[in-house]
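Asks: Generate a structure from the sequence data that follows.
(chains A and B)
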Amino acid sequence: MDAILTELIVGGVILVILLMEAALSPRRQTRSMGHFSLFGCLLALAVTLSRWGGEGGGRYGVADDSFALYCEIVLLAGAALVLLISISQSTPPRSEICALILMATLGMMIAASAADLLILFLGLELAFISLQILTASTRFSAMTGEAAIKLTIISAAASAFFIMGFAVIYGATGTADYAEMAAALSASTDHRLSTIGVGLLLIALGLRLGAVPLHLWLPDVWQGAALPVTALLASGAMVAFVAALMRLLAHGLEPLQSTWIPIVSVVAVATMTVGNLLALGQRYLKRALACAGAAQVGFALCGLAAFQAGGLGAATFALTVVALFSLGIYAAVSLCSRPEDGLTEIDDYSGLGRSHPLFGIGLIALLLGLAGLPPTAGFAARLWLAEVAIENGTSALGAAVVFNTILSAYLYIRIGVRLFMVAPRGEGALAVRWNPEAVAVVTLAIIAGLAVGLWPGPIMDVARQSAQAVL
Amino acid sequence: MGIMSAYQMPYPLLTLIGLPLVGTLCCLLSPRHRPALATVIATVFAAAELAWLIMLWLTATSRASGFAYAAQYEWLPEFGLQFDLRLDGLNFYPLCVATLVLLVSLVVSRDENPDRQQRLFATAPRQLSATLLLLQGSLAAVFLSLDVVLFAALCQLTLIILFFLLGADADTDPDGGKQRRAMAVRFALFNLVGTSSLLFGGLILKSRAALSGLSGSALDLQGMSMPFELEAWVLVSFFICFAIQMPLVPFHGWFADVCAAAPRWTSILIVGSWSVVGVYGIIRFCLPLFPQAVALFAGAAAVAAVLSALYGGLLALVQHENRRRIAWACISGNGILLLGICSSTLQGVHGSIAHLSSHGLSRAALLLLAVILAERAGSRRGTDIGGLEEGEGRSVAAGFRRIPLLASCWLIATLAFIGFPGSAGFPGHLLIFSGAISSGQTLAAAGVIVGFAITSFALMAMFHRLCADAAAAASAAVDLRRHYALALLPALALLLWAGLFPGTLLFEGTEQIAERAGALVRDCLPNLSPDISPDLSFGPAQQSASSVTALEGGS
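Replies: Numbering: from 1, shown residues only, chains lettered A, B, ... in the order given. So this is what the prediction gives:
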């Protein structure tokens, strides 16, 4: 029961929201539902925090180790911030939106703590179906419809690959449980069948993550989805799916590491480089952030490729930091007005730092964090990743991390240049509407990001120890 | 002095970093309606920093032999990162120069030209003062920190602050700020590549050191044994960073534009502090950590020095704009500094250490004068003072009399820059060239001398033109403003003093450092046989490879 206590609480909150939607009049629902789901989220977070240190072994194919708890805490905190961004929008979220955000988070939590391929599939499906409905249900820009359809097709394809991979692995090992799978794989000598399974599973999860060369859908979907949904995709989804991949590869498929480490290494370098290069050419802000977001997945995959030298801790830390800064960025973007078609260009931010210095400086701090430059936590994350890669004996991977940081920095520098060094556009200049919820998210992200950047020790320790649990 | 040294000052080095940061906060918290107050606060803090630094130096007991002060603070113990702060003759003088340049920069940051009142920093001196102090704090940390990874990280931080100082109010430029923006971005990209390369090299060194249970501090790394191949690669990654920072040909792409288009407070910080970090880094890290590789590459570095000196000199000659001419002259001067370092003799390295500070100060002073002149003339391109036609019998002396303050400041800075006998640059040049010749690099020394002679001619021609134009100007030529001259006074006085009494100022506490750094490299020279077997084995790589095979074998 303990193993899935958090999931049960979140599920209960979702049920209550759906029941109350039926009971309450539509007018009273809107504000109160957002706050109620936020409360439910924080309750689950408190319960999870209180269980820290008292992990059990895990049952029902759900791991209950410190890594699962860590992911749950990050995902719940992220969901709380996404809900805050959602509440801060000019039209407060309808109750089903809140329920769907929580449902997607529930799916992500299950995926991140799954120790069984079936449970992993369940979590991934729950998360993705919720995300599809979320994307389709708010008309954010002219691209929304396209985004929803693309996400649906990609999700279906990913599921198909996953089931095929699952079937092949099951055929080779006779089990879906990670621990038994690892035992069966290391006992056998013929890995031809299971290698095919690994490939199919990697395609499935790579599609969901948007890893190069399966990244083409990512910019469209991120651009078309409403801001809270993009924030959820950029924070929770990324953390959960990489965590699921980490657990699957480093635990269940650990005996096949000589097969998947080269693949993951190549994909990591390709994702970083291609993502950052694509981001440079983008005209629209959310597209650019999407490409850069794909690159962030690449950075985390570097940690996974170097998992023997403690890379999982580095990857976990990097993902946490990216999620934090991404949430801050989307909250900050939500403070700005949007053009008619909802497609904000990077050039629209020209001169915004001059007219709103506080906003400009805040955005710069968040951009530095995503770029991985000092003194933010992003720098500590990149440093750790590069160090782990070098210690693992893969100096080329470390070099890729360091030099991709320059590439990614160029995008963020470009936005910084627009903010402070270009005269504002006369017509259609963006306005900044301060509202307390989004400002709270931005402030939290900046303060936490800077504090962790200056004293990364404690959080790094937690990430390191919890990631140890996977192995 | 005896009494003073008996008193133990609390946190001597941490104060050097913390004082400017406290000043930053004070500037930001200063009343909004009295913007001039922030500049005053910042100036007081910068002066206090300088006073503290000098007091530390004067009260130190062991400044001749080793580190006058040392302090270690744990930052990320499990990561092997610590603040290993040291103060010795090698970083005291550059840090002094950096602080002095900051003081000047603060004084001249007040813009009295009504045309530019719209600029961000012109209307927000609080933010400018705060950013400048923040920069000083981070620069102090750069100079004091001996941990290679931390040094690289701090360099990157400094670079970000400088980037915003360079471009922050470009949008109010008359031409829309395109030139300024391009310059700032180019500065950031070039140096980001450099600092990242440094960071990567530092990480490789540190992971290597962790195997032997050493920290990442330069002192620990000094004795570490490394395969020669690894040493050479890490040296290259370090050198790329420092060569971009200095800059040397062919890494100079960002430099002339920055000197030509940066606002005056930032341009002098670039040439007086940021570029100095590059030379300092080579002496502090490259020489002691990679003596074998330095011994191997000394010849190549000498070629780079000649290239920089000659190319910089030739390009300085053909520039029409004073600031660009000075920029190329700086590149040419970097050739001399590098020549001294790669001679790896006591005189050469010692000369470079001494010349580093005086050169930084003189070029910052010269560039500041040129920027002030250009801003006053209001020209961005072309000649700075109009109607230039030499040889029409205009008397230099008459021009000198019309602008006595500007011309005399300019003359002092120029003479120090070109190393005229009796000026601050002279002893450094003398040592460097004698070191280079005694180490057998006569040809390189000759090349550098020719290159720098061209530079000297270009700079003297610039001075001549300044006076001739002042004499020819129809309207009354405006002399240097009093408070600008006052701000420059300490720097120029130091340059004069250092030229007249070099033994008292430039050479105290640096000789042993130079001797040690040079000796390490010299020791490697005879050992260097051509048939060094390439050894690509990185310790950790080997380990993990063997563990993989063990796993495979097990299954």
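Asks: Could I get the full set of helices for the stretch 251-400 of chain A?
Replies: A:257-280, A:285-305, A:311-335, A:352-355, A:357-371, A:377-391, A:395-421 (DSSP state H, counting those that start in this stretch).
Asks: swap in the stretch 101-250 of chain A?
Replies: A:117-137, A:144-173, A:178-187, A:192-209, A:218-224, A:227-232, A:238-247.
Asks: same question, the stretch 201-350 of chain B
Replies: Counting by DSSP H, counting those that start in this stretch, the segments of the stretch 201-350 of chain B that form helices are B:218-222, B:228-245, B:255-261, B:264-269, B:275-281, B:287-289, B:291-318, B:322-343, B:346-377.
Asks: Return the most buried member of these.
Replies: Among the helices of the stretch 201-350 of chain B, the stretch with the highest mean neighbour count (mean count of other Cβ atoms under 10 Å in any protein chain shown) is helix B:322-343, at a mean of 29. The way it works is simple: take the backbone N, C-alpha and C, and place the C-beta from them, glycine included.
Asks: For the helices of the stretch 201-350 of chain B, give me a markdown table that also has distance to chain A.
Replies: Converted to a markdown table, the helices of the stretch 201-350 of chain B look like this (distance: least, Cβ to the nearest Cβ, whole Å):
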| stretch | distance to chain A |
| --- | --- |
| helix B:218-222 | 15 |
| helix B:228-245 | 9 |
| helix B:255-261 | 12 |
| helix B:264-269 | 13 |
| helix B:275-281 | 15 |
| helix B:287-289 | 17 |
| helix B:291-318 | 17 |
| helix B:322-343 | 20 |
| helix B:346-377 | 19 |
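Asks: Worst mean pLDDT among these?
Replies: By mean pLDDT, the lowest-scoring of these turns out to be helix B:218-222, with a mean of 83.
Asks: looking at chain B, which helix or strand is least sure?
Replies: helix B:539-554 (a mean of 37; mean pLDDT, DSSP states H and E).
Asks: Kindly apply the preceding question to chain A instead.
Replies: Result, chain A / mean pLDDT, DSSP H and E: strand A:58-59, a mean of 70.
Asks: Quick one: residues in contact with it.
Replies: Contacts with strand A:58-59, where a contact means Cβ atoms under 8 Å, 6 or more residues apart in numbering or on different chains, come from A:3, A:64, A:65, A:68, A:113, A:115.
Asks: same thing but 7 Å
Replies: For strand A:58-59, contacts defined as Cβ atoms under 7 Å, 6 or more residues apart in numbering or on different chains pick out A:3, A:64, A:65, A:115.
Asks: quick one: secondary structure of the first one?
Replies: It refers to residue A:3. Following DSSP: H, G, I helix; E, B strand; the rest coil, residue A:3 is assigned to helix.
Asks: tell me, how many neighbours does the closest residue to it other than its chain neighbours end up with?
Replies: Excluding the flanking residues, the one nearest residue A:3 by Cβ to Cβ, 6 or more residues apart in numbering or on different chains is residue A:64, at 3.9 Å. Counted with other Cβ atoms under 10 Å in any protein chain shown, residues neighbouring residue A:64 total 23.
Asks: so residue A:64 touches residue A:2, yeah?
Replies: Yes: the criterion here is Cβ atoms under 7 Å, and residue A:64 meets it with residue A:2 at 6.5 Å.
Asks: hey, what's in contact with both of those two?
Replies: residue A:56.
Asks: isn't residue A:254 right next to residue A:182, touching?
Replies: Yes: between residue A:254 and residue A:182 there is a contact at 5.4 Å, judged by Cβ under 7 Å.
Asks: Give me the common contacts of these two.
Replies: Common neighbours of residue A:254 and residue A:182 are not found (criterion: Cβ under 7 Å, 6+ apart).
Asks: Quick one: the helices of the stretch 251-400 of chain A as a markdown table, columns for mean pLDDT too.
Replies: Shown next, in a markdown table, are the helices of the stretch 251-400 of chain A (pLDDT from 0 to 100):
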| stretch | mean pLDDT |
| --- | --- |
| helix A:257-280 | 94 |
| helix A:285-305 | 94 |
| helix A:311-335 | 95 |
| helix A:352-355 | 83 |
| helix A:357-371 | 92 |
| helix A:377-391 | 92 |
| helix A:395-421 | 90 |
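Asks: Reformat these as JSON lines; add distance to residue A:109.
Replies: Output for the helices of the stretch 251-400 of chain A, formatted as JSON lines (distance: least, Cβ to Cβ, whole Å):
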{"stretch": "helix A:257-280", "distance to residue A:109": "24"}
{"stretch": "helix A:285-305", "distance to residue A:109": "18"}
{"stretch": "helix A:311-335", "distance to residue A:109": "14"}
{"stretch": "helix A:352-355", "distance to residue A:109": "37"}
{"stretch": "helix A:357-371", "distance to residue A:109": "24"}
{"stretch": "helix A:377-391", "distance to residue A:109": "22"}
{"stretch": "helix A:395-421", "distance to residue A:109": "28"}
